[in-house]
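*Asks:* Here is a sequence together with a model predicted from it:
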Amino acid sequence: DTAEVIVLGAGPAGLVLGNLLLASGVDCLVVERADREQVQTRARAGFLAANTVRILDRHGLADGLHRHGREHTVCEFRTEDGRFRLDYGALGLGERHTVYPQQELVRDLLTRYLDAGGRISFGTEAVAVVGAETLRPTVTVHDTDGRPARWQARYVAGCDGRHGAARRSLPTCAVRRHHRDHGVSWLGLLAEAPPSLDAVGYAVHGRGFAGHMARTPEVTRYYLQCERGEAADAWSEQRIWDELALRMRSSEYGELHRGPIVQRTVVDLESDVLEPLRYGSLLLAGDAASLLSPSAAKGANLAVLEAELLAEALVDDLRRGDGTALDHYSARCLAHIWRAQAFSHWMIRLLHGPSGSDPDSLFHNSLRRSRVESLRVSRSQQDWFAEQYVGV
Ligand code: APR
C-alpha cells in the first residue's frame, strides 16, 4: 500500500492530522493497532482548552463538543489551611475549559474522517519506520492476522504515543530524549457517580494528594496519590472512597457521591520530551513527541495543537513545494511543549507534600504551603495561574 502521508496512531493527534490532511486533498492512511471499538471507548482526558476548541472549530470538527460538552471555569483547593475557589474563567485571559470526554472527541473525529472517505487500517500494528532519512520512508506493519507487510509514503507522522513504533525507529544519535521522573504516583480512577463538587478539586493532605474532575453528569474522575509500585487492585472500593473522603475533607466540606469504580490505573508522574521532533521524513506529534504528567491536563490539548501545525506544514510542502513550515515545525512545537512542561512541573510541586524519605520534609512542606497561600491571596498570581491553566 502507498500514501503521501502515513499516520501512525488514531488518537487525538493522528485523527486531527488525518482530517486536516484529507480536507486539503492529501492522500493519507492511518495505521492503528487497536480495533475501532477500543479506540472510541478508551476513557482518558476530558478538559479541552479554549485554544483547542478554536482549532477544532476552525476545521469544522467541534459540533459534538459544542452539543454535548459543558463549560468549566472553577477549581477549588483544599489544604490544612482551609479551602478556596478560583474562578479561573474570570481571571487571566478569561478563558474556559470545555469538558468533553476524550473518547467522545475521538469518536467524532473518526466518524468525520471515515465519512469524508479517509483510509484507516484498524488492528494493524506498526513495527518500524524504515528509511526515514530518505524521501521514500516505509512502515513495516503486522496486519490483523499477524501477516507482515511494508507500506510506502513520502512522510510518516508518528502519532502512536510513547511506546509506539515512531519513537522506537529514531536513531539515538539523531534525537535527544529529556526525561524526568517526578517520584510521585497517582491512582487514576473513573467512578460511575455524578461529580461531587461543581469545580475541579485539588486536595493536599498529609496522607497525599487527592483530585476530583468532572467528566459527565454520570461519570467522575478521581485521583489518589499512592506509593510507587503499588498495584491498582490493592485498593478495594471501600478503601478508595474512605481515602478520598478523608483527603478531600468531606466531613467538613461535603460528602462525595460514591459509585462503582469502573477503571483504575496507576500512573507514575513523568515528563518526557524528544528534541527535535523530526528525523528526515518522520515527524512526531502528541504523546510520541512529549509526555506530560496529568497534573495540568495538557496532553490532549498539545496533541491537537501539534496536529494542526503539522498538517499545515505538510500541506505547504506537498501542495506548494514550500518546506519552510516543516523545517520550523519542531521548534514551534517545542516552545509550546516546554511551557506546558514548566506549568505542569509547577503544579506537581504545588500539590504534593514531601516524600517520607525527604530529610528536609518540614522545609519543603512549608514551601508548598506558602505556594498555595500565594495563590489564595495574590491576584497577579491567580491571573498567571488562570492563563497557564487553560492556555496552550
Ligand atoms: N502501531 C499502530 N498504532 C499504535 C501503535 C503501533 N505500534 N502504538 C500505539 N498505537 C496507537 C494506540 O492504540 C492509540 O490509539 O496510537 C494511538 C495513540 O493515541 P493516544 O495515546 O491517544 O496519543 P495521542 O494521539 O498522542 O494523544 C495524546 O491524549 O489523553 C491524552 O494524555 C493523553 O497526552 C495524551 C493525549
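*Replies:* That came through fine. Keep in mind it's a predicted model, so treat the numbers as computed, not measured.
*Asks:* Let me know how buried residue 362 is, in neighbour terms.
*Replies:* Using other CB atoms under 10 Å, residue 362 has 10 neighbouring residues. C-beta: built from backbone N, CA, C; applies to glycine.
*Asks:* my bad, residue 238
*Replies:* 9.
*Asks:* Show me which residues of the helix or strand it falls within are buried.
*Replies:* Residue 238 is part of helix 237-247, with elements assigned from DSSP states H and E. Buried residues in helix 237-247, defined by neighbour count with 16 or more other CB atoms under 10 Å: 240, 241, 243, 244, 245, 247.
*Asks:* Show me what that helix is packed up against.
*Replies:* With contacts defined as 3 or more CB pairs under 8 Å, 6 or more residues apart in numbering; DSSP states H and E, helix 237-247 has these neighbours: strand 210-214, strand 220-226, strand 261-275.
*Asks:* give me that answer again for 10 Å
*Replies:* On a contact count with 3 or more CB pairs under 10 Å, 6 or more residues apart in numbering; DSSP states H and E, helix 237-247 meets strand 176-191, strand 200-203, strand 210-214, strand 220-226, helix 250-253, strand 261-275.
*Asks:* do you know which of these lies nearest residue 375?
*Replies:* strand 200-203 (10.3 Å; CB to CB).
*Asks:* What pairs with that closest one, parallel or antiparallel?
*Replies:* Sheet pairing of strand 200-203 (DSSP bridges) gives strand 74-79 (parallel), strand 210-214 (antiparallel).
*Asks:* hmm, the shortest one in reach of the ligand?
*Replies:* Going back to what we said before, that points to strand 210-214. No. Applying CB under 6 Å from any ligand atom, one finds strand 210-214 separated from the ligand by no less than 12.7 Å.
*Asks:* Then stretch 181-190?
*Replies:* No. In terms of CB under 6 Å from any ligand atom, no part of stretch 181-190 sits within range of the ligand; the closest distance is 10.6 Å.
*Asks:* pLDDT of that stretch, averaged?
*Replies:* On average, the pLDDT along stretch 181-190 is 95.
*Asks:* Enumerate the positions of it that are buried.
*Replies:* 182, 184, 185, 186, 187, 188, 189, 190.
*Asks:* Excluding residues flanking it in the chain, which one is nearest the second one?
*Replies:* Right, residue 184. With sequence-adjacent residues excluded and distances taken as CB to CB, 6 or more residues apart in numbering, residue 184 is closest to residue 269, at 4.6 Å.
*Asks:* Pull the contacting residues for the one you found.
*Replies:* 180-186, 225, 228, 292-295, 344-345, 347-348, 351-352 (CB atoms under 10 Å, 6 or more residues apart in numbering).
*Asks:* Who are the contact partners of residue 1?
*Replies:* Applying CB under 10 Å, 6+ apart, the residues contacting residue 1 are 29, 31, 119, 121, 139, 141, 149, 150, 151, 152, 153.
*Asks:* Please apply the same query to residue 123.
*Replies:* Neighbours of residue 123 in contact, by CB under 10 Å, 6+ apart: 31, 32, 33, 34, 35, 36, 38, 142, 143, 144, 145, 146.
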